[in-house]
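K.L.:
Predicted model follows, preceded by the sequence.
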Amino acid sequence: MTFVSILYGLLFWAATLILVIGVGMKIRQYWNTPAPLKIPTTPAPVTQGGVVWRMFKEVVFFQSLFRSNKVLWLFAFLFHISLWLVLIRHTRYFMEMGSILTFMQPFGRYAGITMVLGLAGLWARRFLVDRVRYISAPSDHLMLALLIGIGMSGLMMSFVSHADVTQVKAFFGGMLTFGFFGAEGALPADPIVLVHLLLVAILMIIFPISKLLHAPGVFFSPTRNQVDNPREKRHISPWALELERQGKTFLSELNK
Amino acid sequence: MADYEIPKLTGEGYTEVPAVKEDTMKGSGPFIAKADFQKAMGFPTDFAAVGELVPNWKERALEKMADLKGRYRSLQVYLDICVKCGACTDKCHYFIGTSDPKNMPVARQDLLRKVYRRYFTFAGKYFPKLVGAVDLTEDVIKDWYNYYHQCSQCRRCSVFCPYGIDTAEISMAAREILDHVGYGSKYNNEIIGKVFKIGNNLGLPGMALADTLEGLEEDVEADTGIAVRYPLDLEGAEILLVTPSADFFAEPHIDGLIGYGKVFHETGVTWTFSSHASEAANFGMFVGSYENMRRVSLRVREAAIKLKVKRIVFGECGHAWRVAYSFLNTLAGPFDFLDQRYPIPQHILEYTWGELQKGTLKIDKTENDDKVLTFHDSCNVARGSRMGDYPGGQFDIPRNVIKAVCNHFVDMPADTIHDATFCCGGGGGLLTDDLMELRVKGIQPRAEALRHVSLHNGVTHMAAICAICKSQFTKVLPYYGFTMDQIVSVHQLVSNAIILQRQESVIPPRPKDDDEDEDDDA
């Protein structure tokens, strides 16, 4: 299986680079793009601390979604909270188990089930609700299929056919030193492991070029991250300030 | 009367979410602006005829899109991050009223997003079918023009979106792109041109304004026996009042304007209108043009400097208050020459509520006892601005004022008020006769809520604080069996209840001129 191990080793190297650099580039783009006007959806917090609290409630509890649609909220929250538990459980493949990690293991194990249930609910809506059916592109279906595939293959290993966890850990432990070229860092020859890891790599690769950007993007949403204080504090973007400085009406008249 | 079906009201207070019916609102959109109007706003005019695109329209549209997404973080982020969860799909009054799926906020955004993906993203460039990306064609432009003029930019969708994606930001950007390829909306751009040329949306010149105000003073004196002044261009006044020009002549707007004057009179403050900034509305926002919105806003600054006022107060108008509260400091600030002890700018309701709390105004609530009131939260005030010094003051202050001058007040159902309020159906630059079908269908959720409190709580009148809401309601609610006079201005209620104590205005009387002609310039 050395060939497959090398292939997967390189794949995960590529996927990680694409994920980190790709998302980093998007974050840099969002960061550098000015928000020329104050557009918080009001009522909005009047202090920076208030904005942090608002964002916290949005990101952790999906407050706006809860107001919008309880069924959708249930599936979405179930999926996301389960995903977090599953991810925490997976840290065992990359680091030594502390007491907290050990404590979290069983939660992560069963969260795999609720994660797939949440995803199934989200997918069902795409078929059953005519409005959601209308707005769904093939990629929206595939994204859910991919996540369900990851969840199901993971559950298989947890509950049906146990994978050689020690060997998987050795594979990822050797990633930085390219241990997958040797026998001690090889992946176990288990098709379920390979399917699971392939799907995860695909997810990592498409992250920066898909709607998965909602994860970093939500923090940049001006309607949610702006302080409601336009009367007290003047807010102005660099390009608008340039109009003022040069005494011009139109951007096209600006001297570069 | 109409070749479309007017929705039926049930009186239940809520509207059923309709099943999707494609293309019910397919069409050519509102009238397209001619070259003169485009020129006045600095938009390209090299299209051969009205309804034709400029040469190289495709490249120029994409160039504009790239420019805008580089200047607006909202646009760039919102085009990227929508997950198509569908939370917004049943939130738009135009979707509820028309069943056209392209009026679902996410689908409206997608009209632009599909093109963005095709030309600006990896997935859309190489796998367009997979991610639903489309080429920019003439049909796509026409779809944009039609459906981005079926959005009143009310931001109700953004309240319910888990990421706060604001369709208004997308529709403003789309209109800005359309303006750059020859597809400007006649209604909006003609009006903005009038502001630049004459000073207000209605094109009322200074002389006509002066005549109107003089006639108003005579009416109020005949009614109350007191010479309440409505001054124009009074240099050195304490307050510059900027109000939508509809307040000068339309019903029930003008009754609100009479109320502003009475409040100022009683509190003994000097104030003035300006003929240069005789318009609070700023349609530059509707068309998404920062430059033109700034041009309109700068007139307020210029007027304030010229008249040497110390404070700026805005009259009852929804989007005008959003531009004033949220954007004025950005567009036309800093206002270091004004009195910093007061909010800059201040809303007339903040002013009146302050005076009511101080006890400056003598009120006889029984004057409004013939009415049971409810209040329509204007979308731009509710979701795009604030009043007072705490979040949500924009909901309390208008209600506080109404309750201070009326004995009978009832709110409409909870999911139709405050930040969940439904648009009147005519906001965002859609208040034009060529969009009547849309306006009639879009008012349905509000009409349903009003019907509910009419049946169950005996509500007779609905108060509003927006010139567009008032115009839309008086014109379109009659389609549903209501009458025009059921719509009132909040300051009209104040005006009814206020008992004037001050016998002489602190503002000197108007110099008597020879010709006493009183004409209705409108």
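P.N.:
That came through fine. Numbers count the residues shown, from 1 in each chain, chains lettered A, B, ... in the order given.
K.L.:
How about the residue of the stretch 301-450 of chain B found nearest chain A, nearest residue that isn't a chain neighbour?
P.N.:
Relative to chain A, the nearest point of the stretch 301-450 of chain B is B:Pro391 (3.6 Å; CB to the nearest CB). For the C-beta atoms, the positions are set from N, CA and C on the backbone; glycine is no exception. Excluding its sequence neighbours, the residue lying closest to B:Pro391 (CB to CB, 6 or more residues apart in numbering or on different chains) is A:Pro43, at 3.6 Å.
K.L.:
surely that neighbour meets B:Met387?
P.N.:
No. A:Pro43 lies out of contact with B:Met387 (CB atoms under 8 Å); the separation is 10.6 Å.
K.L.:
Have a look at the two and say which one is more surrounded.
P.N.:
Per other CB atoms under 10 Å in any protein chain shown, whichever of A:Pro43 and B:Met387 has more neighbours is B:Met387, with 23 against 19.
K.L.:
The more buried one falls within a helix, correct?
P.N.:
No. With DSSP: H, G, I helix; E, B strand; the rest coil as the criterion, B:Met387 is located in coil rather than a helix.
K.L.:
got the contact list for it?
P.N.:
Applying CB atoms under 8 Å, 6 or more residues apart in numbering or on different chains, one finds that B:Met387 lies in contact with B:325, B:347, B:349-350, B:381, B:393-394, B:397-398.
K.L.:
what about 10 Å?
P.N.:
For B:Met387, the contacting residues are B:321, B:325, B:343, B:346-350, B:353, B:381, B:393-398, B:465, taking CB atoms under 10 Å, 6 or more residues apart in numbering or on different chains as the criterion.
K.L.:
and what of A:Asp228?
P.N.:
Contacts of A:Asp228 were listed using CB under 10 Å, 6+ apart, and they are A:38, A:40-47, A:50-51, B:325-326, B:385-386, B:390-391.
K.L.:
Touching stretch A:86-103 from outside, list them.
P.N.:
Counting by CB under 10 Å, 6+ apart, residues outside stretch A:86-103 touching it are A:104-112, A:114-115, A:150-151, A:154-155, A:158, A:165, A:168-173, A:175, A:200.
K.L.:
Filter those down to the buried ones, ChimeraX style.
P.N.:
For selection in ChimeraX, the members of the contacts of stretch A:86-103 meeting the burial criterion (16 or more other CB atoms under 10 Å in any protein chain shown) are listed in this command:
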select /A:104,108,109,110,111,112,114,115,150,151,154,155,158,168,170,171,172,200
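K.L.:
where's the residue nearest in space to the middle of chain A, which helix or strand?
P.N.:
The centre of chain A sits closest to A:Ala215, judged by CA atoms, centre = their mean, with a distance of 4.7 Å. Element membership for A:Ala215, per DSSP states H and E: helix A:214-217.
K.L.:
Pull the residues that contact that helix.
P.N.:
When contacts are defined by CB under 10 Å, 6+ apart, helix A:214-217 is touched by residues A:23-24, A:26-27, A:30, A:59, A:80, A:207-208, A:211, A:221, B:76-83, B:85, B:162-163, B:165.
K.L.:
Could you check how far the residue nearest the centre of chain B is from B:Gly428?
P.N.:
The central residue of chain B, meaning the one whose C-alpha is nearest the mean C-alpha position (CA atoms, centre = their mean), is B:His319 at 3.5 Å. The span separating B:His319 from B:Gly428 equals 8 Å under the rule CB to CB, to the nearest Å.
K.L.:
Spell out which residues are contacts of both of the two.
P.N.:
Here B:His319 and B:Gly428 have B:152-154, B:283, B:285-286, B:379-380, B:468 as joint contacts, going by CB under 10 Å, 6+ apart.
K.L.:
before we move on, back to that, may I see the buried residues of the helix holding A:Ala215?
P.N.:
Of the residues in helix A:214-217, those buried under the neighbour-count criterion (16+ other CB under 10 Å) are A:214, A:216-217.
K.L.:
same question, stretch B:259-270
P.N.:
Of the residues in stretch B:259-270, those buried by neighbour count under the rule 16+ other CB under 10 Å are B:259-267, B:269-270.
K.L.:
So what does the closest residue to A:Val200 other than its chain neighbours have for phi and psi?
P.N.:
Excluding the flanking residues, the one nearest A:Val200 by CB to CB, 6+ apart is A:Ile150, at 5.8 Å. The main-chain torsion angles of A:Ile150 are listed as degrees, to the nearest 10 and equal phi -60, psi -50.
K.L.:
Could you check how far A:Ile150 is from A:Met156?
P.N.:
A:Ile150 sits 11 Å away from A:Met156, going by CB to CB.
K.L.:
which residues do the two both contact?
P.N.:
Both A:Ile150 and A:Met156 are contacted by A:112, A:195-196, under the criterion CB under 10 Å, 6+ apart.
K.L.:
hmm, which of the contacts of B:Met387 are the buried ones?
P.N.:
Using 16+ other CB under 10 Å, the buried ones in those are B:321, B:325, B:343, B:346-350, B:353, B:381, B:393-395, B:397-398, B:465.
K.L.:
which ones among the residues you listed are found in strands?
P.N.:
Judged by DSSP state E, strands contain the following of the buried ones among the contacts of B:Met387: B:346-347.
K.L.:
what subset of the buried ones among the contacts of B:Met387 is also close to chain A?
P.N.:
Within the set of those, contact with chain A (CB under 10 Å from any CB of the partner chain) is found for B:325, B:343, B:346, B:381, B:393-395.
K.L.:
ok, and does stretch A:63-76 reach over to chain B?
P.N.:
Yes. Using CB under 10 Å from any CB, we find that stretch A:63-76 touches chain B at A:63-69, A:72-73, A:75-76.
K.L.:
if we can go back for a sec, mind putting the shared contacts of A:Ile150 and A:Met156 into CSV with secondary structure?
P.N.:
Putting the shared contacts of A:Ile150 and A:Met156 into CSV (three-state DSSP) gives the following:
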residue, secondary structure
A:Gly112, helix
A:Val195, helix
A:His196, helix
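K.L.:
can you confirm B:Thr272 is in a helix?
P.N.:
No. For B:Thr272, which was evaluated using three-state DSSP, the result is strand, with no helix membership.
K.L.:
show me the contacts for it.
P.N.:
For B:Thr272, the contacting residues are B:229-241, B:264, B:303, B:307, B:309, B:507, by CB under 10 Å, 6+ apart.
K.L.:
Mind giving me the PyMOL command for buried ones among the residues you listed?
P.N.:
What follows is the PyMOL syntax for the buried subset of the contacts of B:Thr272, where burial is set by 16+ other CB under 10 Å:
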select buried, chain B and resi 229+230+231+232+233+234+237+238+239+240+241+264+303+307+309+507
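K.L.:
Which helix or strand in chain A has the lowest average pLDDT?
P.N.:
Ranking every helix and strand in chain A by mean pLDDT, DSSP states H and E puts helix A:165-173 at the bottom, with a mean of 90.
K.L.:
tell me what that helix is packed against?
P.N.:
With contacts taken as 3 or more CB pairs under 10 Å, 6 or more residues apart in numbering or on different chains; DSSP states H and E, helix A:165-173 sits against helix A:2-32, helix A:191-206.
K.L.:
repeat that with 8 Å
P.N.:
With contacts defined as 3 or more CB pairs under 8 Å, 6 or more residues apart in numbering or on different chains; DSSP states H and E, helix A:165-173 has these neighbours: helix A:2-32.
K.L.:
So is the helix it packs on next to chain B?
P.N.:
Yes. Contact of helix A:2-32 with chain B is found when judged by CB under 8 Å from any CB of the partner chain, involving A:26, A:29-30.
K.L.:
want to throw these into a markdown table with distance to B:Glu176, neighbour count and pLDDT?
P.N.:
As requested, those are arranged in a markdown table below (distance: CB to CB, whole Å; neighbours: other CB atoms under 10 Å in any protein chain shown; pLDDT from 0 to 100):
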| residue | distance to B:Glu176 | neighbour count | pLDDT |
| --- | --- | --- | --- |
| A:Lys26 | 24 | 21 | 98 |
| A:Gln29 | 20 | 16 | 98 |
| A:Tyr30 | 20 | 20 | 98 |
